[in-house]
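In: Return atomic coordinates for the entry below.
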Amino acid sequence: MVIPEFKTRNLTSPMMKFVQSCPFLEDYNIDLSKIGIQRVLTEKPDSNALDYIGSFMMSKAKDIRGNRWGQRQANFQLWLMRRSSYDVMREEVAEFLFNFEQWVEHCQAYDLVPKLSTFYEGKVEELMWADNGVYFSEWEGEKISLYMVQLHIIYFNDYPWGSAPPPEELRASFDGTYRFDGTIKFDGRGST
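Out: Numbering: from 1, shown residues only. Okay, here's the model as predicted:
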């Protein structure tokens with residue numbers, strides 16, 4: 001058996017492009033033309049940022065041929081700076097955060113979110129959501145305020161045994177549903 005070579009992937013670029021596609025950011029004076037990774041050891045952010053804050057293994061599976069799959073959740077912290085010449089109202093903050101979280105859910109429903117899975121060439125449904133949005137802070141005299149939102153995406157990795165792909169009947173048996181315990185549900189022909 002030949003073990004396939006590990007290939008690195010870029011996680012942050014597709015996520016940044018996705019966030020930049022939000023259609024109503026300008027309505028809230030958020031300019032995402034410049035977005036990067038948050039610098040550490042600074043008193044305040046100098047731009048919008050998307051930080052990868054780790055992932056964890058949710059479940060793993062193995063079939064009779066030795067092919068393996070892993071279900072993981074990747075987590076991101078999104079920092080959005082708002083520049084304006086007027087005071088920020090709590091209602092506006094709540095409205096923005098609610099609408100951003102709903103927009104991510106809308107994109108999830110219509111398959112417009114980034115694809116991170118290697119499992120079946122990205123043909124399985126991934127689950128992405130935004131939550132824990134808060135108005136983080138503001139800096140007096142500079143008219144800059146900061147929103148913070150967490151983004152999460154559940155994706156799948158595959159580790160085939162040898163070079164042969166899984167049989168078509170096993171491929172067809174994966175229905176892409178999730179169980180509450182985080183495992184992948186098969187129709188009985190695969191293992192979970």
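
In: now the strands: where do they sit in the protein?
Out: Applying DSSP state E to the chain gives strands spanning 35-36, 48-62, 68-83, 127-139, 144-159, 174-178, 184-186.

In: I'd like these as TSV, with mean neighbour count, mean pLDDT and distance to E95 appended.
Out: For every residue, glycine as well, the C-beta is placed using N, CA and C. What follows is the strands of the chain, written out as TSV (neighbours: other C-beta atoms under 10 Å; pLDDT from 0 to 100; distance: least, C-beta to C-beta, whole Å):
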stretch	mean neighbour count	mean pLDDT	distance to E95
strand 35-36	18	66	22
strand 48-62	16	87	19
strand 68-83	19	86	13
strand 127-139	15	82	11
strand 144-159	20	86	12
strand 174-178	14	48	30
strand 184-186	18	49	37
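
In: Mind putting those into CSV with distance to F18?
Out: Listed next are those as CSV, based on distance: least, C-beta to C-beta, whole Å:
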stretch, distance to F18
strand 35-36, 11
strand 48-62, 10
strand 68-83, 10
strand 127-139, 9
strand 144-159, 9
strand 174-178, 20
strand 184-186, 24
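
In: out of those, nearest to S117?
Out: For these, proximity to S117 was assessed by C-beta to C-beta; strand 144-159 is nearest, at 4.4 Å.

In: quick check: angle from the closest one to strand 68-83?
Out: Angle, strand 144-159 to strand 68-83, by axes from the mean of the first three to the mean of the last three C-alpha atoms, to 10 degrees: 170 degrees.

In: Figure out which of the strands of the chain is closest to V104.
Out: Comparing those by C-beta to C-beta, strand 127-139 comes nearest, at 4.1 Å.

In: out of the strands of the chain, which comes closest to A94?
Out: strand 127-139 (8.5 Å).

In: Give me the sheet partners of that closest one and which way each runs.
Out: In the sheet, strand 127-139 lines up against strand 144-159 (antiparallel) (DSSP bridges).

In: now for the strands of the chain, which one comes closest to F24?
Out: When the strands of the chain are compared by C-beta to C-beta, strand 68-83 sits nearest F24, at 12.0 Å.

In: pull the longest helix from the protein.
Out: When the chain is parsed with DSSP state H, its longest helix is helix 90-109.

In: how about that one: buried residues?
Out: For helix 90-109, a neighbour-count test (16 or more other C-beta atoms under 10 Å) marks E92, V93, F96, L97, N99, F100, E101, W103, V104, C107, Q108 as buried.

In: Correct me if wrong: the fifth one contacts F24.
Out: Yes - applying C-beta atoms under 8 Å, one finds N99 in contact with F24, separated by 6.5 Å.
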